[in-house]
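> below is the structure, and that's it, no one-letter string:
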């Protein structure tokens, strides 16, 4: 059905699954809607009478009929639920290996940041045939990042990270929309995804990132903000070591356990007093208003890079470049 102009082209691996479910629901709805309308007209004509005093025959009911109109809709609902659940999990569970990209919604634009350092506004270049995960947030109001051709969408909520993933299957240019009314210029908050052949994408990517990779930028921030003075590799500082911490769990001072992910690192940078790591004092200052969302993302990538299995590289990064993410972690 994707050739019809009433819907966008199918340009991702998940798009056919979404469309098949969509058309199935439309078909079921149309079938019963039309059937009901026909029966209403049919019985209205068949049992019409010109006698205003006529009394209809008594209705005693039908057990088989009542079971039919209860069981059939139930079974159809179960099929839709199971089918939709499978599609839902496919949409929200990305593969283990993805091309990671960060994005920020801001009235009225989308800003994309590649890990190699390249940044784009209202444009996103990706390779065909490779899963892409976009992690994003909003700098101001509620937005919604929507890729119609990929059949994927999620809200961009201030103070929280959301993510979508897709695996583009066709080279070409596709729309990016904000699907949540965000102000007077909401309709102009649009962009374009450029799906390219892998060779062309690598050529575009090598065109220059302007300032190094996102992780190296985070490393410089980490050092400039003096995070390394508290987050010592061996854990002897006022804040916990960040070495090999991302993706792990940490016990907090209140006894609870938290997963160290993008949201947690961001929260530790901007509101460090909220979740303090057990064994440490809540001495870390907030960086709210001092570090913008792009820099927060850079710091997160730096913390991710400390998962390296190379002890020498990780240790050097931990002591030489801990700054923005570090202070945010001092409470942890």
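Everything's here; your move. Note that this is a predicted model, so its numbers are computed, not measured.
> for residue 147, which residues are in contact?
12, 153, 164, 166, 174, 175, 176, 193 (Cβ atoms under 8 Å, 6 or more residues apart in numbering). C-beta: built from backbone N, CA, C; applies to glycine.
> what distance do you get for it to residue 252?
36 Å (Cβ to Cβ, to the nearest Å).
> could you do residue 200 as well?
Per Cβ to Cβ, residue 200 is found 47 Å from residue 252.
> count the residues that sit near residue 36.
Using other Cβ atoms under 10 Å, residue 36 has 10 neighbouring residues.
> which secondary structure element contains it?
Using DSSP states H and E, residue 36 sits in helix 15-46.
> averaged pLDDT, stretch 28-48. What do you get?
Per-region confidence: stretch 28-48 scores 93 on mean pLDDT.
> other residues contacting it?
Outside stretch 28-48, the residues that touch it by Cβ under 8 Å, 6+ apart are 56, 76, 80.
> specify which member of those residues is nearest to residue 222.
Closest approach to residue 222 among those (Cβ to Cβ): residue 80, at 48.9 Å.
> picking up where we left off before, how about the contacts of residue 147 in a markdown table, adding pLDDT and neighbour count?
Below are these laid out as a markdown table (pLDDT from 0 to 100; neighbours: other Cβ atoms under 10 Å):
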| residue | pLDDT | neighbour count |
| --- | --- | --- |
| 12 | 96 | 24 |
| 153 | 95 | 15 |
| 164 | 95 | 20 |
| 166 | 96 | 26 |
| 174 | 96 | 22 |
| 175 | 95 | 14 |
| 176 | 96 | 21 |
| 193 | 97 | 23 |
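> need the max-distance pair from those residues.
Largest separation among the contacts of residue 147 by Cβ to Cβ: 164 and 175, giving 14.5 Å.
> nearest residue to residue 153 other than its sequence neighbours?
Of all residues not flanking residue 153 in the chain, residue 146 sits nearest, at 4.1 Å (Cβ to Cβ, 6 or more residues apart in numbering).
> that neighbour and residue 120: what is the separation?
For residue 146, the distance to residue 120 equals 17 Å [Cβ to Cβ].
> same check on residue 200?
From residue 200 to residue 120 the distance is 16 Å (Cβ to Cβ).
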